[in-house]
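Colleague: the amino acid sequence is not available; the structure is as follows:
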């Protein structure tokens, strides 16, 4: 495992060179910019800001990118000493996603309940028809007059 000093030495070497920054470092900087501006930190957004290929970064650094999505907004919020909240959009998007999941679950429950209610309605109608037929049959054998029942809705 790399120590903090070794990591600092690696970063110093990378930062002092004139060649382009490696994708993981570009992703960290891009994610920090996004979060600092109050925008959601996403893999596509980091690739857009960092100007690196989203597909190859996703293929080679997916675990890092997922970790950055969750960790950077928390760290930016922790380090922010101002009264403003730079990750409002990120929080709101997370709340919106959670609410969408709740709404979807409730819609599924309503759909299931509606199907069950429709089955009960059909059963009641079939039972009513069957009882009506039995009463008509019994009345005709006894010679009584049959009064038709109305279906209530």
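Modeller: Right, received. Where do you want to start? Since the structure is predicted, the reported quantities are computational estimates derived from the model, not experimental observations.
Colleague: what sits against residue 151?
Modeller: Residues near residue 151 by CB atoms under 8 Å, 6 or more residues apart in numbering: 125, 128. (Each C-beta comes from the backbone N, C-alpha and C, glycine too.)
Colleague: going forward, the N-terminal residue is numbered 57.
Modeller: Got it, the first residue is 57 from now on, which makes the last one we talked about residue 207.
Colleague: quick check: phi and psi at it.
Modeller: phi -80, psi 130 (degrees, to the nearest 10).
Colleague: check the gap between the residue nearest the centre of the chain and residue 95 for me.
Modeller: The residue lying closest to the centre of the chain (CA atoms, centre = their mean) is residue 153, at 4.2 Å. Distance, residue 153 to residue 95, using CB to CB, to the nearest Å: 16 Å.
Colleague: one more: residue 72?
Modeller: For residue 72, the distance to residue 95 (CB to CB) stands at 30 Å.
Colleague: likewise residue 122?
Modeller: Note on residue 122: its distance to residue 95, by CB to CB, is 17 Å.
Colleague: neighbour count for those two, which is higher?
Modeller: residue 95 (19 against 12; other CB atoms under 10 Å).
Colleague: can you tell me the SS state at that one?
Modeller: Following DSSP: H, G, I helix; E, B strand; the rest coil, the label given to residue 95 is coil.
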